[in-house]
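Trainee: coords below, sequence missing:
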């Protein structure tokens with residue numbers, strides 16, 4: 001099978017790339033390295049395996065039609081499956097480049113859809129739970145239309161992803177492109193970037209440095225955390241599905257935890273206690289959702305999927321990854337010196 005992955009060096013895209021290389025598929029991975037580190041051990045591992053297995057990881061900005069098609073056409077591949085995972089998902093990064101984020105969501109997706117239409121490829125598009133905004137319904141089913149601020153600091157990502165879903169459906173309905181959408185909830189695990197601004201990596205890196213963990217607001221806001229291996233199983237299942245479900249599908253763990261509970265679990269796993277002295281508090285960022293939890297009924301019925309890895313196990317494995325950063329530059333990048 002010939003596979004195209006945009007965002008191939010990112011947290012999720014890199015796991016997908018390694019999955020398909022291990023299967024023996026020919027993979028073209030594209031990434032502009034805005035939110036990933038091309039010099040990390042993980043990026044080098046992908047590049048090494050890609051080169052050894054007739055696959056490629058290329059620096060490419062998919063918002064540039066000329067650049068995108070230079071590499072896509074130059075690969076001489078007719079693609080069977082495309083994963084569109086290009087877009088900064090780290091709040092500090094996408095808020096620092098909002099126009100680029102919006103263009104990646106929409107213009108980049110348009111270029112992907114042009115290839116899918118030409119090649120007759122399936123597309124699995126990475127949407128997000130952010131399309132629900134700060135929800136007043138919980139858990140959130142796919143039918144919930146959300147409560148989103150269209151011009152706030154997070155809007156470039158939230159509204160960009162909402163527009164991308166509309167574009168997916170337009171290509172599906174007007175051109176017959178087999179576009180499928182997964183709405184991804186909070187995900188964590190090995191190969192997260194330590195400075196991506198997401199709560200799991202923030203807490204773990206602060207704990208490993210012996211610092212207090214920064215809790216925003218009162219810590220009572222909740223999230224549901226899905227381990228990356230579980231998430232990748234669902235994404236692969238979506239791509240393998242015979243018939244297009246013609247609906248976005250929530251992918252996430254339906255068990256909620258408050259930020260305080262997550263902080264206490266992290267402290268206990270790293271330090272062996274859950275003393276509140278390890279906590280410090282800061283103001284809640286603008287438009288930060290108070291609750292986020294998926295209704296995964298469709299994932300269970302259509303994909304025959306549900307998460308298997310409990311938060312405690314997943315945190316242990318993720319902490320182990322950050323502890324085992326072997327290269328000095330990764331230790332410095334993680335801010336971990338022991």
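Mentor: On my side now, so go ahead. Computed from a prediction, not measured in an experiment: that's the story for all the values here.
Trainee: When you work out contacts or count neighbours from here on, use the C-alpha atoms and nothing else.
Mentor: Noted.
Trainee: Phi and psi next, for residue 126.
Mentor: Phi and psi for residue 126, reported as degrees, to the nearest 10, are phi -80, psi 100.
Trainee: That one and residue 181 touch, don't they?
Mentor: Yes - counting by Cα atoms under 8 Å, residue 181 is a contact partner of residue 126 at 6.1 Å.
Trainee: These two - which one has more neighbours?
Mentor: Taking neighbours as other Cα atoms under 10 Å, residue 126 and residue 181 compare with residue 181 leading, 27 against 23.
Trainee: Going by secondary structure, that one is in what exactly?
Mentor: Per DSSP states H and E, residue 181 falls inside strand 179-184.
Trainee: So which other helices or strands are in contact with that strand?
Mentor: strand 122-128, helix 155-175, helix 228-240, strand 249-251 (3 or more Cα pairs under 8 Å, 6 or more residues apart in numbering; DSSP states H and E).
Trainee: low-scoring pLDDT stretches of this protein, where are they?
Mentor: Where the chain drops to pLDDT under 70, the residues are 37-45, 47-53, 326-338.
Trainee: on that earlier part again, out of the helices and strands packed on strand 179-184, deepest packed?
Mentor: Stretch with highest mean neighbour count among these: strand 249-251 (a mean of 28; mean count of other Cα atoms under 10 Å).
Trainee: That one: how far from the chain's middle?
Mentor: Between the centre of strand 249-251 and the centre of its host chain there is 13 Å, according to Cα atoms, centre = their mean, to the nearest Å.
Trainee: what's it packed up against?
Mentor: For strand 249-251, the packing partners by 3+ Cα pairs under 8 Å, 6+ apart come out as strand 179-184, helix 297-302.
Trainee: The strand holding residue 181: partners in the sheet, and parallel or antiparallel?
Mentor: Take DSSP bridges as the rule and strand 179-184 pairs in its sheet with strand 122-128 (parallel), strand 249-251 (parallel).
Trainee: Residues in contact with the very next helix or strand once past it: which ones?
Mentor: Helices and strands here follow DSSP H and E; after strand 179-184, the next one along the chain is strand 187-188. Residues from elsewhere that reach strand 187-188 (Cα atoms under 8 Å, 6 or more residues apart in numbering): 200-201, 225-228, 231, 252, 314, 318.
Trainee: What strand or helix carries residue 118?
Mentor: helix 109-119.
Trainee: Please disregard the earlier target; I meant residue 3.
Mentor: Assessed by DSSP H and E, residue 3 sits inside strand 2-6.
Trainee: Centre of the chain to that strand, how far?
Mentor: That offset, for strand 2-6, works out to 16 Å (Cα atoms, centre = their mean).
Trainee: quick revisit: want to throw the helices and strands packed on strand 249-251 into TSV with distance to residue 275?
Mentor: TSV is the format used below for the helices and strands packed on strand 249-251 (distance: least, Cα to Cα, whole Å):
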stretch	distance to residue 275
strand 179-184	32
helix 297-302	37
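Trainee: Highest mean neighbour count out of the ones you listed?
Mentor: strand 179-184 (a mean of 25).
Trainee: from the middle of its chain, how far away would that strand be?
Mentor: For strand 179-184 - counting by Cα atoms, centre = their mean - the centre lies 12 Å from the chain centre.
Trainee: Stretch 267-283 too?
Mentor: 26 Å.
Trainee: Report the buried residues of that stretch.
Mentor: Residues of stretch 267-283 classed as buried: 267, 269-270, 274, 278-279 (neighbour count, 16 or more other Cα atoms under 10 Å).
Trainee: of all the residues you listed, which two lie farthest apart?
Mentor: 269 and 279 (14.7 Å; Cα to Cα).
Trainee: residue ranges for the helices of this protein, please.
Mentor: For the chain, the helices defined by DSSP state H occupy 11-23, 41-52, 65-74, 91-96, 98-103, 109-119, 155-175, 199-208, 228-240, 259-271, 297-302, 311-323, 328-334.
Trainee: Give me the helices and strands touching the fourth one, please.
Mentor: Contacting helix 91-96 under the criterion 3+ Cα pairs under 8 Å, 6+ apart are the following elements: helix 155-175.
Trainee: Apply 10 Å and report the result again.
Mentor: Here helix 91-96 touches helix 98-103, helix 155-175, going by 3 or more Cα pairs under 10 Å, 6 or more residues apart in numbering; DSSP states H and E.
Trainee: Adding distance to residue 141, write those helices out as CSV.
Mentor: Output for those, formatted as CSV (distance: least, Cα to Cα, whole Å):
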stretch, distance to residue 141
helix 98-103, 25
helix 155-175, 15
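Trainee: Residue 24: which of the ones you listed is closest?
Mentor: Judging the helices and strands packed on helix 91-96 by Cα to Cα, what sits closest to residue 24 is helix 155-175, at 28.3 Å.
Trainee: hmm, back to that, and the angle for the strand holding residue 3 with helix 109-119?
Mentor: Per axes from the mean of the first three to the mean of the last three Cα atoms, to 10 degrees, the angle that strand 2-6 makes with helix 109-119 is 170 degrees.
Trainee: Strand 2-6: partners in the sheet, and parallel or antiparallel?
Mentor: Sheet pairing for strand 2-6, assigned by DSSP bridges, gives strand 26-31 (parallel), strand 81-84 (parallel).
Trainee: Distance of the nearest residue to residue 110 once chain neighbours are set aside relative to residue 320?
Mentor: Once flanking residues are discounted, residue 110 sits nearest to residue 167: 7.7 Å by Cα to Cα, 6 or more residues apart in numbering. Here residue 167 is placed at a distance of 40 Å from residue 320 (Cα to Cα, to the nearest Å).
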